[in-house]
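**Student:** quick one: sequence and predicted model below, then my questions.
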Amino acid sequence: MQRLSVNRLQPGIFISLAHVGWVRHPFLLNEFRISSDRQIQVLKEMGMVEIPWDPERSTAVPLPEKTVAEPAGEADFGAAALAGMLDEKKQRIERVRRQRERLARREREYDEEISAATDILKNLGPKPVEAHGAALQLATRIVDGLMGAENVVIQLMSQKVREAGLAFHSVNVMVLSLLLGKAAGLSAEEMKFLGVGALLHDAGKQEIPPRILRAPTRTPPEEEFYRAHVGYGIKAVAGVRNMAVPARNIIACHHERWDGSGFPNKLAGDKIPRLARIVALANHYDNLCNPFHLQEARTPSEALSHLFKKEAAAFDPELLQRFVKVLGIYPPGTFVTLSNGAIGLVVETHPSHLLQPLVMLYDADIPRHEALMLDLKDAELSVEKTMNPAQLPLAVVEYLAPRGRIDYSIEGAP
């Protein structure tokens, strides 16, 4: 970075205060693009004479050197501006602390859901009735939280301490399906059928060898064996006599496609049960974001774009439109550059503020477990552009999304 006199600053200049230290200045970030004259006044009040700036990340050029002294007698409002910004920063720090606690609580709840799903899938064979009852309880608990919430929150949690396998995928698909189901106006009873069916949709994969499940390409016999997981899934729940038909049909039909290209029965259009159409979409989206081979993973925004542009014919068009609205313009897991030049990762979306998500910010001077959370609907910032992680330094990607996998959770009513 180059150094610049504070007298030549103007909005649009990208500066760094890393040498000052985050706790010693009133600004939210160590590096940012100046957005107001008030910020410049605060820098002067801090006693700054020169400051590092980055021409490449600036959207304005420095003011010319002043050749005429400023008139004397001008009132100095710098102290008031500095005090005001310090108060604002304290309030922001407290909000960030509460946000971090809320995210940590959800992560604990998500881990509990994964553990419950693991037990359900493990017991489905030897104890199908008990497993179905536990699945219904889990679905009911999540649905009740979802139906009572004013806003649906899709949360990104990119640090998992263990690989949860089928349970990880099953819970993701269940929650994504419930998000879409709520948007589609399903009743509370339909939502519970949807939750159970989505949780158990891939139960038959426990009978398929991992070598075939994980194979990037399959021979025709291997593909036939893979597709048999649908039948194995129906067999797994055959002993559950009180399982609702709509939930059972999700297991049977979650690979059917709107254009008739799916399996096992090549159903098309509205011949596919509606709940199965919802799970088919959620299932495919999660497989795009979280494949067995992570090098093939798409970012959430890439996955949505792929579904809409490349595979729209395979899915119910009305549900696909709703799904895009549910996940937002910047889905959780999307890397973004903000209007102040900062880089971050979308953590949550707000249904009523699609352009203003909650973003985790990258700052090498702040430990990741203390990373700043910035709610764009409360800040004078906006998303400037989305980024592919391949375009970012490895340190940034590992800071924001060290595992590269995304999970979703629903926040219930406070």
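**Tutor:** Noted; the coordinates are in hand.
**Student:** distance check, the nearest residue to Phe292 once chain neighbours are set aside against Lys266.
**Tutor:** Spatial nearest neighbour of Phe292, chain neighbours left out: Arg214 (4.6 Å); criterion: CB to CB, 6 or more residues apart in numbering. The C-beta positions use only the backbone N, C-alpha and C, and glycine is treated the same way. From Arg214 over to Lys266 the distance is 26 Å, taken as CB to CB, to the nearest Å.
**Student:** please apply the same query to Arg100.
**Tutor:** Following CB to CB, the distance that separates Arg100 from Lys266 is 49 Å.
**Student:** between those two, who's got more neighbours?
**Tutor:** Set Arg100 next to Lys266 and count neighbours by other CB atoms under 10 Å: Arg100 wins out with 16 against 12.
**Student:** isn't that one up against Arg368?
**Tutor:** No: applying CB atoms under 8 Å, one finds Arg100 not in contact with Arg368, separated by 11.2 Å.
**Student:** what about the nearest residue to Glu311 once chain neighbours are set aside, which helix or strand?
**Tutor:** Nearest residue to Glu311, sequence neighbours excluded (CB to CB, 6+ apart): His284, at 7.5 Å. If you go by DSSP states H and E, His284 is part of helix 274-289.
**Student:** tell me the buried residues in whichever helix or strand comes after that helix?
**Tutor:** Note on helix 274-289: by DSSP H and E, the next helix or strand toward the C-terminus is helix 300-310. Across helix 300-310, burial judged by 16 or more other CB atoms under 10 Å covers 300-304, 307.
**Student:** quick one, strands of the protein?
**Tutor:** 2-5, 14-16, 31-33, 50-53, 335-338, 343-350, 353-361, 373-375, 383-387 (DSSP state E).
**Student:** which one of the ones you listed lies nearest to Ile272?
**Tutor:** strand 343-350 (28.0 Å; CB to CB).
**Student:** quick one: list the elements packing against the closest one.
**Tutor:** strand 335-338, strand 353-361, helix 394-400 (3 or more CB pairs under 8 Å, 6 or more residues apart in numbering; DSSP states H and E).
**Student:** got the buried residues for the longest one?
**Tutor:** In this case it means strand 353-361. Applying 16+ other CB under 10 Å to strand 353-361 flags 356-361 as buried.
**Student:** which one of those sits closest to Asp111?
**Tutor:** Nearest to Asp111 among these, with distances taken as CB to CB, is Met360, at 19.3 Å.
**Student:** ok, the closest one to Ala401 distance?
**Tutor:** 9 Å.
**Student:** ok, back up a step: export the helices and strands packed on strand 343-350 to CSV and tack on mean pLDDT and distance to Pro317?
**Tutor:** Formatted as CSV, these follow (pLDDT from 0 to 100; distance: least, CB to CB, whole Å):
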stretch, mean pLDDT, distance to Pro317
strand 335-338, 91, 28
strand 353-361, 86, 20
helix 394-400, 87, 34
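**Student:** ranking helices and strands of the protein by mean pLDDT, which lands last?
**Tutor:** Within the chain, no helix or strand scores below helix 78-123, which has a mean of 77 by mean pLDDT, DSSP states H and E.
**Student:** which helices and strands sit right next to that helix?
**Tutor:** Taking 3+ CB pairs under 8 Å, 6+ apart as the contact cut, helix 78-123 packs with helix 37-45, helix 128-147, helix 165-183, strand 373-375.
**Student:** what is the burial count for Arg108?
**Tutor:** 10.
**Student:** er, Ala379 I mean
**Tutor:** Ala379: 16 neighbours (other CB under 10 Å).
**Student:** give me every residue that touches Leu304.
**Tutor:** Residues near Leu304 by CB atoms under 8 Å, 6 or more residues apart in numbering: 285, 323-324, 327, 331.
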